[in-house]
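Engineer: Everything below, folded, please.
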Amino acid sequence: MDEPDKKTDEYPSLFDIFVLGDRVKRVRKDKDGKTSEYRGTVLAIDKNSIEIYWDTLDGKFRPTGIDITFTNCSVDEIFKGNDLFTPIEKD
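Structural biologist: The predicted structure is shown next:
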């Protein structure tokens, strides 16, 4: 018998929170404390992650120099963020 995945069991189902096409956002804080807000679209969802296409940076659609476009974010990163980014929220 398989043991449940404890990491994903501590969070709600991604399928209950997101649907394909949802707009989401997150904020990046650099080492100097400067923040940048990224907005994007959910392209794929599975049990453990979502894939997002980030198309907006600080209110500008596809600006030159946008350093992040596609990301696959784990449940930890979605709900807790990471060293550089805040958690992901619906826009």
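
Engineer: Grab the longest helix from this protein for me.
Structural biologist: Ordering each helix of the chain by length in residues (DSSP state H) puts helix 75-80 first.

Engineer: can you list contacts of it?
Structural biologist: With contact meaning Cβ atoms under 8 Å, 6 or more residues apart in numbering, helix 75-80 is reached by 7, 8, 11, 14, 48, 49, 50, 82, 85, 87, 88. Every residue, glycine included, has its C-beta placed from N, CA and C.

Engineer: Give the rounded mean pLDDT of the helix or strand that that helix is followed by.
Structural biologist: Past helix 75-80, heading to the C-terminal end, the next element that is a helix or strand (DSSP states H and E) is strand 89-90. Strand 89-90 shows a mean pLDDT of 96.

Engineer: Give me the contacts around strand 89-90.
Structural biologist: Residues from elsewhere that reach strand 89-90 (Cβ under 8 Å, 6+ apart): 17, 18, 22, 23, 24, 25, 26.

Engineer: go with 10 Å
Structural biologist: With contact meaning Cβ atoms under 10 Å, 6 or more residues apart in numbering, strand 89-90 is reached by 17, 18, 19, 22, 23, 24, 25, 26, 27, 42, 78, 79.

Engineer: Stretch 53-72 now?
Structural biologist: Stretch 53-72 has contacts (Cβ under 10 Å, 6+ apart) with 23-26, 28, 35-44, 46, 48-52, 77, 84-85, 88, 91.

Engineer: Could I get the full set of helices for this protein?
Structural biologist: 6-9, 14-17, 75-80.

Engineer: Report the buried residues of stretch 47-64.
Structural biologist: Of the residues in stretch 47-64, those buried by neighbour count under the rule 16 or more other Cβ atoms under 10 Å are 48, 49, 50, 51, 52, 54, 55, 56, 57.

Engineer: That should have said stretch 83-91, apologies.
Structural biologist: Using 16+ other Cβ under 10 Å as the test for burial, stretch 83-91 gives 85, 86, 88.
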